[in-house]
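Asker: Below is the sequence, then the predicted model.
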Amino acid sequence: MTGLFEDGWAAYERGDYPVALKHFRLAAEQGDVRAQYNLGIAYDNGEGVPQDHVEAAKWYRKAAEQGHVRAQYNLGIAYDNGEGVPQDHVEAAKWYRKAAEHNDARAQYNLGMAYDNGEGVPQDHVEAAKWFRSAAEQNDARAQYNLAIAYDNGLGVPQDSVEAAKWYHRAAEQGIALAQYNLGMAYDSGDGVPQDSAEAAKWYLSAAEQGLASAQTNLGTAYATGEGVDQSYLLAHMWFSLAVAQGNDNSRENLKIVASNMTAEEIATAQKMASEWKPNQ
């Protein structure tokens, strides 16, 4: 024999939202924490009901007060953004903490950011790094990047370029463009990793392909000089052009220097390459 929530979930999975919501509401009003959370999700996303952030926050709160971790996190988000409740960073941090203490990586990251920025809690880089680490060890890419930044700058942890490069690498492998760029910088300078121009260029390329102007500039330099890649004025011109289009002043003079070594036909080809380029999504 199934209960109200189970009947609601079966209806939800077959796309029958009116029936699902009817069962969720009945179960939620009887205190079923799963139904309360799912009713909050329905109102948050406008699934089967008109989107209503006030109602979403109301049901998240009921579930959160019963210890539902994802509801606690979502209620924190609501307070952070002022959706359905007045914006209140203290309340946001309070609910993030409850979820974070139950090992929710997203809440741990957001609580780390709160401590990093002093939003809703006193600014405390030691606490920030602690929560970033908890989330990073659960493979949260944003937390891995922020933990790397902490080690790079000695914020809340001892400055350690090796640890910084390690966490940049983990975030870079998950596609964080700034981590890819910073890892490229580490390989360029031999900071925390052996100096390796080819590895530097590889990571610059990953970030450049996502549209990061600073990485496009450094990749252009690599192609102009032949450091870590086969020298190519065509590709250097293309990457410098893309960076200049985003307002990167470092590439502006480099573009002129590269162009002075190219024929008009080569420049036209490089410009066409830049105009047809699309970032990786």
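Answerer: In hand now; what should we look at? Numbering: from 1, shown residues only.
Asker: which residues are contacting the strand or helix carrying Tyr79?
Answerer: Taking DSSP states H and E as the criterion, Tyr79 maps to helix 69-81. Residues outside helix 69-81 that contact it (Cβ atoms under 8 Å, 6 or more residues apart in numbering): 33, 36-37, 40-41, 44, 53, 56-57, 59-61, 63-64, 83-89, 91-96, 98-99, 102, 104, 106-107, 110. Using the backbone N, CA and C atoms, a C-beta is placed for each residue, glycine as well.
Asker: Could you give the average pLDDT over it?
Answerer: Across helix 69-81, pLDDT averages out at 98.
Asker: Stretch 148-160 too?
Answerer: Stretch 148-160 shows a mean pLDDT of 98 in the predicted model.
Asker: do stretch 226-243 as well
Answerer: Throughout stretch 226-243, pLDDT has a mean value of 98.
Asker: hmm, back to that, just the buried residues of the helix or strand just after the helix holding Tyr79, please?
Answerer: Scanning the chain past helix 69-81 towards its C-terminal end, the next helix or strand to appear is helix 89-100 (assignment: DSSP H and E). Of the residues in helix 89-100, those scored as buried under the neighbour-count criterion (16 or more other Cβ atoms under 10 Å) are His89, Glu91, Ala92, Ala93, Lys94, Trp95, Tyr96, Arg97, Lys98, Ala99, Ala100.
Asker: tell me the domain ranges of the chain?
Answerer: The chain breaks down into these structural domains: 139-195, 216-281 (assignment by automatic domain parsing).
Asker: Can you give the distance from the last one to the centre of its chain?
Answerer: Using Cα atoms, centre = their mean, to the nearest Å, the distance from the centre of domain 216-281 to the centre of the chain it belongs to is 28 Å.
Asker: ditto for the first one
Answerer: Distance, stretch centre to chain centre, for domain 139-195: 14 Å (Cα atoms, centre = their mean).
Asker: First residue to last residue on it, what's the distance there?
Answerer: End-to-end distance for domain 139-195: 26 Å, by Cα to Cα, to the nearest Å.
Asker: give me every residue that touches Glu199.
Answerer: Taking Cβ under 8 Å, 6+ apart, we find Glu199 in contact with Gly184, Tyr187, Val193, Gly228.
Asker: From those residues, list the buried ones, please.
Answerer: A residue is treated as buried here by neighbour count (16+ other Cβ under 10 Å); on that basis the buried members of those are Gly184, Tyr187, Val193, Gly228.
Asker: Between all of those, which two are separated the most?
Answerer: Comparing all pairs in those by Cβ to Cβ, the longest separation belongs to Val193 and Gly228, at 13.5 Å.
Asker: Flag every buried residue along stretch 10-23.
Answerer: Taking 16+ other Cβ under 10 Å as the basis for neighbour counts, the residues of stretch 10-23 that come out buried are Ala11, Tyr12, Tyr17, Val19, Ala20, Leu21, Lys22, His23.
Asker: As JSON lines, the contacts of Glu199 with secondary structure and distance to Ala207 would be great.
Answerer: As requested, those are arranged in JSON lines below (DSSP: H, G, I helix; E, B strand; the rest coil; distance: Cβ to Cβ, whole Å):
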{"residue": "Gly184", "secondary structure": "helix", "distance to Ala207": "7"}
{"residue": "Tyr187", "secondary structure": "helix", "distance to Ala207": "12"}
{"residue": "Val193", "secondary structure": "coil", "distance to Ala207": "16"}
{"residue": "Gly228", "secondary structure": "coil", "distance to Ala207": "14"}
